[in-house]
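Colleague: the following block contains a protein sequence and its predicted model.
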Amino acid sequence: MYSLSVTNLTKYYSSTLLFKDLSFRLNPGEVLAIIGWNGSGKSTLLRIIAGLVRPSCGRVEMFCKNAPIPKESRRQFIGMAAPALSLYEELTALENMEFFCRVRGIAYDRRNCLNIMERIGLSEQAEKMCRNYSSGMKQRLKLVQAILHNPPLLLLDEPGCNLDSKGMKIVEDIISDQRQFGMAVIASNERREVDYADRVINLSK
C-alpha cells in the first residue's frame, strides 16, 4: 500500500516564484490533476516529485505501508511520461526500453515489454529505430516506458501530446488501470485529461 505526501513545497527559479507552500497527500486509487497557465510550474512540480529537480524548500515523501521509501530508491516506484523526456533516436524501441530498465535498476524483460507495446499499439514497430517514429508513436513509447515496471506512482505530463483519438483512449485506459493498484498525477490544461482526476490543484492561484 503506497502513498505520496507533499508538504509545504516551494520552488523559486532565481527570484521568480513558481509555487509556495504546496501540500497534498495522494492515496492508492486516487488521481490528481495539476493545472495552471504556461510557466506556472506544472512540469517542474512533477519533476520534483520524481526526484529530478530539488525544491527550494518543503519535502516530498513516498511511503509503503506507512514506512518511508528512501529517496535514492524512489525511482523504482515511479513512472513518468513527459514531453521533455528524451528517446534515443539511434536505438530501436526495445533498446530504448532496455536502457530505461537499466537506469531504474530493474530487470529488463523483453516479453513484458512486447506485451505492453502490443497493448499500446506499437508491437509491430518494436524493432524500428526511434528516429523513424512519428511524434504520436514517440509519445506512445514514452507511455510504455512509464508503465513497464508497474509503478505505484504514475506521473503524466501532458499525456495526450501528439496523440489521436485512439491514443487518447489508450491514455484513458492506462489511468483507469493505474487506479486499480496505484495512484497518478497528471499535469495538463486539457479538459479531457483533467476530467480523469478526482482532485485538481490550480497553480495559477
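Modeller: It's in.

Colleague: in this protein, which helix or strand is least confident?
Modeller: For the chain, counting by mean pLDDT, DSSP states H and E, helix 93-104 ranks last in confidence among helices and strands (a mean of 91).

Colleague: just the strands in this protein please.
Modeller: In the chain, the strands defined using DSSP state E lie at 2-13, 16-26, 31-35, 57-64, 67-68, 78-81, 153-157, 183-187, 199-202.

Colleague: now those in TSV, with distance to residue 163 and mean pLDDT?
Modeller: In short, each C-beta sits where N, CA and C put it, glycine included. Formatted as TSV, these follow (distance: least, CB to CB, whole Å; pLDDT from 0 to 100):
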stretch	distance to residue 163	mean pLDDT
strand 2-13	26	96
strand 16-26	25	95
strand 31-35	17	98
strand 57-64	28	97
strand 67-68	36	95
strand 78-81	11	96
strand 153-157	12	98
strand 183-187	14	98
strand 199-202	21	97
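
Colleague: could you dump those strands to CSV with mean neighbour count and distance to residue 104?
Modeller: CSV is the format used below for the strands of the chain (neighbours: other CB atoms under 10 Å; distance: least, CB to CB, whole Å):
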stretch, mean neighbour count, distance to residue 104
strand 2-13, 17, 16
strand 16-26, 16, 21
strand 31-35, 22, 22
strand 57-64, 16, 15
strand 67-68, 8, 19
strand 78-81, 24, 9
strand 153-157, 25, 13
strand 183-187, 26, 18
strand 199-202, 14, 27
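
Colleague: of all those strands, which one is nearest residue 98?
Modeller: Nearest to residue 98, of all the strands of the chain, is strand 78-81, at 15.9 Å by CB to CB.

Colleague: and that closest one, what does it pack onto?
Modeller: helix 135-147, strand 153-157 (3 or more CB pairs under 8 Å, 6 or more residues apart in numbering; DSSP states H and E).

Colleague: counting neighbours, which bits of the first one end up buried?
Modeller: By neighbour count on 16 or more other CB atoms under 10 Å, the buried set for helix 135-147 is 137, 138, 139, 140, 141, 142, 143, 144, 145, 146, 147.

Colleague: from memory the fifth one sits against residue 130, does it?
Modeller: Yes - Residue 141 is within contact range of residue 130, at 7.0 Å (criterion: CB atoms under 8 Å).
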